[in-house]
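**Student:** Predicted model follows, preceded by the sequence.
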Amino acid sequence: MSAQPVNPSLAPDHVTVFIDGVELVAPKGSMIIQAADRAGIPIPRFCYHDKLAIAANCRMCLVEVEKMAKPAPACATPVMDGMRVATRSEKALKSQRNVMEFLLINHPLDCPICDQGGECELQDVSLGYGRSVSRFNERKRVVPDEDLGPLVATEMTRCIHCTRCVRFTADIAGTYELGSMYRGEDLQIGTYDGKPLTTEISGNVIDVCPVGALTNKVFRFRARPWELTARASVGYHDSMGSNLFLHVSRGEVMRTVPRDNEAVNECWLSDRDRYSHQGLYAEDRALKPLQRVDGEWREVSWAEGLAAAAAILRTHRGDDLGVLVHPATSNDEGSLLARLAAGLGSGNLDHRIFNRDFSDAAVAEPFAMPMAEIEQADAIVLFGTNIRHELPLLHQRIRKANTHHNAKVYAVNPVDFDFAFALAGKQIVAPSQLAGALTNAALLEAVKSATRPVIIVGALAENHPQAASLRAAAAAFAAATGAALCRIPQGANALGLARNGVLPATRDVAGMFAEPRAAYVIYGIEPGLDFADGAAAQQALNAAKVVAFSQFACESTRNFADVILPIGALPEIDAVLTNLDGVDQRTQAGGKLPGEAREGWKVLRALGGELQLPAFEFIDLAGARASGAVPPPQTLAASAAPVVSGDGLEIAASAAIYRTDGVVRRAQALQEHPLNASPRVTLNPADAAAAGLVQGQIAKVGAPGGTSTLPVFVDKRVAAGSAWIESGHGATAPLGAGRVTVARA
């Protein structure tokens, strides 16, 4: 290595390095393996992963460096100006082959039954660097397995101690659940306490594991990798729109894996997106059109089902009709629903079914700071959000901002939620005091002094009965501090539906329930669980004629509908969704439509034709897209703000992480996960004592919409004067808004 710069014209933060005779330019401080990867020069590795901290413990990447006596690990050796590296010299290859031999001496020869077979890094590398005969004659060691929960299966005898999984749970997830135990030949990876993994992104340890030690418990033994076909898709259980592949065999979605996109989910995937496909094959999938005849459900043909639906809509059109759309509905379906409502003369159309306060006519908006840039922010305010459950991978980016870039994170919440990063400050107050908490002088000054501040407004604020005042407070805070205002869209495609005209000109969701319509179209909604104000929704739907476009013929839908038309879920259709950055993302149909279910756009086209409505003359999806979208109303309907009054505790309602929609609620593995808590009401110790309640006692929780009987949990993390519940459960559905009374059952 020369003392003088090899190339004086280079930027001062770059150096010239020669790898296998190829001259390369690399940033100072980067490693040999990173320079080689950028140039496409292969170096074998097991412990190195470009998203994880460097460990240098497998030694598979040993290379020869000029003027160094011993081979050096390419993953932990920084480049220097003029450095000459050989990755295929006799010394390098001998070192790599020797390491490979050591790694294989204890590895079980169970490739034929290993679920990782066919996509195993150890298999691939051993083909190039392994010996055909082992010189190891001693007894191979065996490591007992741990039960890591319902999502990840273990075969720890296969583990090669690369520690990728350990570094993932420590550096990325921030839960520190896996670690190295014992020493020498007794070394093994485990959880210390034998408890299941509780991180909401645990499935990523499967992807980073280079052998078959950690595999997908749901997919295990169901198919081989070479039998699967990959279909590009996106996550539809939150507004992040994580990029992923659906792996399909014979028309069935077998598993879901991440698809790299640095602007969205990097190379990670939340467990909710990874395992939800189980819910597609629930016993109550809607397989055929159903019609209620004399109070009994009867399977009918598509012609009969469409005729029955059309008969209801011909009789009840104009202002008599309300159209309610799930906010995960695709842009294509949303555009056709807007055409349907317009063709029937109804201005009662809305997708904001999770919201309660419409007085400010707020709709979803793109993040003011792209989510990929949030990890570069230096001050982050979390306002009314359990971000870890709401957007698991945005939570991971915030952790990266905190741990890698020293960002200060502040929380203003009614519950002191668990986050995987340190908070620089927090204000835990009752929901009615959230707006006032943003005027705290210390918080304002701290954020004003930052260069890249951001405020993230979540579901607890957006869906609160006083949401308009909370949104106004967040906007005023952003204006006063220069923070980027990022309101999380409430639904996987809330932003896309708002752009495609699925908004009310006459009555919003609250208006349609306050003044019930004679008939409703509900699209993709499970009516007993999906509405923010479940009691008002049930009362309105009970007295009306209801046409349900649904993926599930569940009890909830059967209770209210007169006709059920079975439609495909997102993994089964071609679609476009718009994520929280405002980016349209296309999906490919993966799984086969079950039974006689059809793509939603086809059913809408057929119904529009049955009703002889204009703008339904297209014959394919391309024609539907070419015919344009219905523009949003120039003036949105805005109901009066809900009145929150009376005695009792304020409800703080957050969505249960694995009860967010019908598909997730039917994914068995997710329902067995430790994060999927049973329905309960959680009280501050002072409020519990005042009501004479103790942990585990059963309480009657009374609200304007009804009464629930729930077990009591006592937790000082809940703000005094508040009762924390999780939505998505039938038991908590009546407790949608306002105040509640809590007393012994």
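**Tutor:** Received, thanks.
**Student:** any idea how far Val143 is from Asp186?
**Tutor:** 9 Å (CB to CB, to the nearest Å). From N, CA and C alone the C-beta is placed, and that goes for glycine too.
**Student:** try Ser722
**Tutor:** 47 Å.
**Student:** Between those two, which is the more surrounded one?
**Tutor:** Taking other CB atoms under 10 Å, Ser722 and Val143 do not tie; Ser722 has more neighbours (24 against 19).
**Student:** Is the more buried one bridged to anything, and to what?
**Tutor:** Per DSSP bridges, the residues bridged to Ser722 are Glu650.
**Student:** So it sits against Ala653, correct?
**Tutor:** No: the pair Ser722 / Ala653 is not scored as a contact, 10.2 Å apart, by CB atoms under 8 Å.
**Student:** Show me the contact partners of stretch 469-484.
**Tutor:** Contacts of stretch 469-484 with the rest of the structure, by CB atoms under 8 Å, 6 or more residues apart in numbering, involve 360, 362, 367-369, 377, 379, 381, 383-384, 434-436, 438-439, 444, 447-448, 450, 452-455, 457, 461-462, 464, 485, 487.
**Student:** buried sites along that stretch?
**Tutor:** Neighbour-count burial for stretch 469-484 flags Ser469, Leu470, Arg471, Ala473, Ala474, Phe477, Ala478, Thr481, Ala483, Ala484 (criterion: 16 or more other CB atoms under 10 Å).
**Student:** before we move on, what about stretch 370-385?
**Tutor:** Neighbour-count burial for stretch 370-385 flags 370-371, 373-385 (criterion: 16+ other CB under 10 Å).
**Student:** Endpoint to endpoint, it covers what distance?
**Tutor:** Stretch 370-385 has its terminal residues 18 Å apart, counting by CA to CA, to the nearest Å.
**Student:** can you tell me the average pLDDT over that stretch?
**Tutor:** Stretch 370-385 carries an average pLDDT of 97.
**Student:** Can you tell me how far Ile657 is from Pro196?
**Tutor:** The value you get for Ile657 to Pro196, if CB to CB is used, is 15 Å.
**Student:** Between these two, which has more neighbouring residues?
**Tutor:** Between Ile657 and Pro196, counting by other CB under 10 Å, Ile657 is the more crowded of the two (25 against 18).
**Student:** Got the confidence number for that one?
**Tutor:** Value for Ile657, per-residue pLDDT: 97.
**Student:** Contact partners for it?
**Tutor:** By CB under 8 Å, 6+ apart, Ile657 lies in contact with Glu200, Arg272, His389, Leu675, Asn676.
**Student:** Please name the nearest non-neighbouring residue to the last one.
**Tutor:** Counting by CB to CB, 6 or more residues apart in numbering, Asn676 lies nearest to Tyr658, which is 4.3 Å off, once chain neighbours are set aside.
**Student:** quick one: Thr564 and Ala286 touch, right?
**Tutor:** Careful, residue 564 is Ile; it's not Thr. Yes: using CB under 8 Å, Ile564 makes contact with Ala286 at a distance of 5.8 Å.
**Student:** list residues touching both of the two?
**Tutor:** Common contacts of Ile564 and Ala286 (CB under 8 Å, 6+ apart): Ser550, Ala553.
**Student:** Compare the two and say which is more crowded by neighbours.
**Tutor:** Per other CB under 10 Å, whichever of Ile564 and Ala286 has more neighbours is Ile564, with 27 against 23.
**Student:** What helix or strand is the more buried one located in?
**Tutor:** Using DSSP states H and E, Ile564 sits within strand 563-566.
**Student:** who does that strand pair up with?
**Tutor:** For strand 563-566, the pairing partners within the sheet under DSSP bridges are strand 290-293 (antiparallel), strand 545-550 (parallel).
**Student:** how about the helices in the stretch 151-300 of the chain?
**Tutor:** Here the stretch 151-300 of the chain has its helices, by DSSP state H, counting those that start in this stretch, at 164-167, 204-208, 271-275.
**Student:** Quick one: mean pLDDT over the first one.
**Tutor:** So the one you mean is helix 164-167. Helix 164-167 shows a mean pLDDT of 97.
**Student:** Counting by contacts, list what it packs against.
**Tutor:** helix 204-208 (3 or more CB pairs under 8 Å, 6 or more residues apart in numbering; DSSP states H and E).
**Student:** what bits of the protein have low per-residue confidence?
**Tutor:** Counting by pLDDT under 70, the chain contains low-confidence residues at 1-6, 9, 737.
**Student:** what's near enough to touch Val208?
**Tutor:** Contacts of Val208 (CB under 8 Å, 6+ apart): His49, Leu52, Arg164, Cys165, Phe168.
**Student:** Can you name the residues that contact the residue nearest to it when sequence neighbours are not counted?
**Tutor:** Distances taken as CB to CB, 6+ apart place Arg164 nearest to Val208, at 4.2 Å, with adjacent residues excluded. By CB under 8 Å, 6+ apart, the contact list for Arg164 reads Cys47, His49, Leu52, Val205, Val208, Cys209, Pro210.
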